[in-house]
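pasting the sequence and the predicted model now:
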Amino acid sequence: MATDNPAPEMIEEGVHNFSPADRYVQSTDPLIQERLEWFQDQKLALMMHWGPYSQLGLVESWAMSDADADWSRTGVNWTDDGELFKRQYRALNRTFNPIRFQPELWAALAADCGFKYLIFTTKHHDGFCMWDTAYSAYKITARDCPFHSHPQADITRHLFDAFRAQGLGIAAYFSKADWYTPYYWNPEFPAEKTARGPSYKPAEHPDLWEGFKNFTKNQVLELCRNYGRLDILWFDAGWVRAPKQDIDLGGIVDEARKLQPWLLSADRTVGGPYENYITPEQCIPDKPLGVPWESCVTVGTSFSFAYEDRYKSPRELVHLLSDIVAFGGNLALNIGPQPDGRLPSGAIKSVRGLGEWLKKNGEAIYGTRTVVPYKVDNLRYTKKANVVYVIYLCPEGSTLPAIISFPCATLVKVARLLDTGETCAFTRDNDKLSVTLPAAKVGTDPLAQVFALD
């Protein structure tokens, strides 16, 4: 039977395009406006894609979709039988046992490295729930999952509690699509090939679709009722949208806000009043968007854990964050935990390097807003109150010169190095400022040197 699939331009190889800024609808709710200011102050989130799929080291969920097999099953080299693979994938819950899970260590690491909020995959498209939901048997606390007897089996609860204890915000990632529930992929109406959308046409089976709408609402409200304060509902699967796959997300969010009135909603790629901020994926917009936004980018090469992955260096992460913040965005930096419950050591090393830089230079990142000229060559600009920050990105293999010159149209009384607090002599030639660095700085490599201009 024909399925309702997304428009081909929405997703390519699992990567979502982002909504154009001209489709952004500013909330008129004063509390949501206030929370969006909070959001834009945070700048750095730790994102985590984690579930039974981490055992295979393959892309999360997507290989379950026959329509996406050409790119998502490239690592499936032990069988050519797609049906066998899907049965094997579905059964990964029976071996998922992350006994080395220590949420307090994750939260302490995040806080120490300068992260300000967590985005955690409570449920990806495959439908496996990382919390003790009452509405699905496909969950971390089910008896057929060996981790169910662990004291911290309700992973979402313990993770959220640990991060809150460190003072970090909480975003619940939730896939609107669910490829496990019969309300979406229904065995009585099997598609010839599985695809992203439901296996039936919702318009032809309204009772079944109504069941899916209620199922989705119940799960979202369950998270809001039972899992403490949430700051953001982060909805993935942008193809689940009106008119063909209308789940009345607005009604769900409105109900959620009766429980937690401050909730931000990120209905990815959909636009409208429930996409409170825009979410570019694995990319950075080529100009400031003028609205709240957050790029989700991986520390490694994929969102889920991959064996022998290559992780971005601290230099790459510092430059990435600076690029994003200069255009007014937040960075959601993704780490895929290992199947045993640990974070990969390579990823830890990289974010620790970023954290060390932020301890000295975070003033130029957190709570800032954009300022012209934003980016020039290897210079990045931010602003907070009356202070302009100029971030000089040090390329690999380079060191600091004795004098650094950059465009600056603002009146400057004092130029200081943010990491040491030292004041620097400077000269001005029209709109160009030339700053002389202290001798001890010349020839060093700080990854990125920040000037604070008062």
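Structure's in. What do you need?

for stretch 419-430, list every residue counted as buried.
Buried residues in stretch 419-430, counted by 16 or more other CB atoms under 10 Å: Asp419, Cys424, Phe426. Quick note: C-beta positions are derived from backbone N, CA and C, even for glycine.

CA atoms of that stretch as CSV?
C-alpha atoms of stretch 419-430 as CSV (Å, rounded to 0.1, in the frame of the first residue of the first chain):
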residue,chain,number,x,y,z
ASP,A,419,42.4,34.5,28.9
THR,A,420,45.0,36.4,31.0
GLY,A,421,43.3,39.8,31.6
GLU,A,422,46.4,41.6,30.3
THR,A,423,45.8,45.0,28.6
CYS,A,424,47.4,45.5,25.1
ALA,A,425,48.7,48.5,23.3
PHE,A,426,46.9,49.3,20.1
THR,A,427,46.7,51.7,17.2
ARG,A,428,43.8,52.6,15.0
ASP,A,429,43.9,53.3,11.3
ASN,A,430,40.3,54.3,10.3
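
and the contacts of it?
Applying CB atoms under 8 Å, 6 or more residues apart in numbering, the external contacts of stretch 419-430 come out as 360-361, 408, 412, 414-417, 433-438, 441, 446, 449-451.

picking up where we left off before, show me the buried residues of stretch 419-430 that map onto strands.
Using DSSP state E, the subset of the buried residues of stretch 419-430 located in strands is Cys424, Phe426.

can you redo the buried residues of stretch 419-430 as JSON lines with pLDDT?
JSON lines is the format used below for these (pLDDT from 0 to 100):
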{"residue": "Asp419", "pLDDT": "97"}
{"residue": "Cys424", "pLDDT": "98"}
{"residue": "Phe426", "pLDDT": "97"}
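
and which of the buried residues of stretch 419-430 is nearest Cys283?
Closest approach between the buried residues of stretch 419-430 and Cys283, by CB to CB: Asp419, at 29.2 Å.

which stretches in the stretch 151-300 of the chain count as helices?
For the stretch 151-300 of the chain, the helices defined by DSSP state H, counting those that start in this stretch occupy 155-165, 206-226, 249-259.

tell me which of the ones you listed lies nearest to Tyr53.
That would be helix 155-165 among the helices of the stretch 151-300 of the chain, by CB to CB, at 14.4 Å.

please work out which residues outside that closest one touch it.
Here helix 155-165 makes contact (CB under 8 Å, 6+ apart) with 50, 98, 101, 103-104, 106-107, 110, 118, 120, 122, 130-132, 140, 147, 152, 170, 172, 223, 226-230.

turn the buried residues of stretch 419-430 into JSON lines, including distance to Gln40.
As requested, these are exported to JSON lines (distance: CB to CB, whole Å):
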{"residue": "Asp419", "distance to Gln40": "24"}
{"residue": "Cys424", "distance to Gln40": "30"}
{"residue": "Phe426", "distance to Gln40": "30"}
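
put the buried members of the contacts of helix 155-165 into a PyMOL selection.
Applying 16+ other CB under 10 Å to the contacts of helix 155-165, the buried members can be selected in PyMOL as follows:
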select buried, resi 50+98+101+103+106+107+110+118+120+122+130+131+132+140+147+152+170+172+223+227+230
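
show me what contacts Leu263?
Applying CB under 8 Å, 6+ apart to Leu263 gives the contacts Arg35, Cys224, Leu230, Asp231, Ile232, Leu233, Val253, Ala256, Arg257.

tell me the two of those residues that are most distant?
Farthest apart among those by CB to CB are Arg35 and Cys224. That separation is 15.0 Å.

hmm, back to that, which of the helices of the stretch 151-300 of the chain is buried the deepest?
Highest mean neighbour count of those: helix 155-165, a mean of 21 (counted as mean count of other CB atoms under 10 Å).

can I get that helix in CSV, CA atoms only?
In CSV, the C-alpha atoms belonging to helix 155-165 read as follows (Å, rounded to 0.1, in the frame of the first residue of the first chain):
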residue,chain,number,x,y,z
ILE,A,155,17.9,5.8,32.0
THR,A,156,16.1,9.0,31.1
ARG,A,157,15.0,9.6,34.8
HIS,A,158,18.5,9.2,36.2
LEU,A,159,20.2,11.1,33.4
PHE,A,160,17.8,14.1,33.7
ASP,A,161,18.2,14.1,37.5
ALA,A,162,22.0,14.0,37.3
PHE,A,163,22.2,16.9,34.8
ARG,A,164,19.7,19.0,36.8
ALA,A,165,21.8,18.4,39.9
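
next, the angle helix 206-226 makes with that helix.
Helix 155-165 and helix 206-226 are oriented at 40 degrees to each other (axes from the mean of the first three to the mean of the last three CA atoms, to 10 degrees).

distance from helix 155-165 to the middle of the chain?
17 Å (CA atoms, centre = their mean, to the nearest Å).

Glu255 against Thr216, yeah?
No: between Glu255 and Thr216 there is no contact under CB atoms under 8 Å: 11.4 Å.

run the chain-centre distance for the helix or strand encompassing Leu105.
Leu105 is part of helix 103-112 when elements are defined by DSSP states H and E. Put simply, helix 103-112 sits 17 Å off its chain's centre (CA atoms, centre = their mean).

and stretch 14-26, what's buried?
Buried, per 16+ other CB under 10 Å, within stretch 14-26: Gly14, His16, Asn17, Phe18, Ser19, Tyr24.

err, stretch 339-347, not the other one
Applying 16+ other CB under 10 Å to stretch 339-347 flags Pro339, Gly341, Arg342, Leu343, Pro344, Ala347 as buried.
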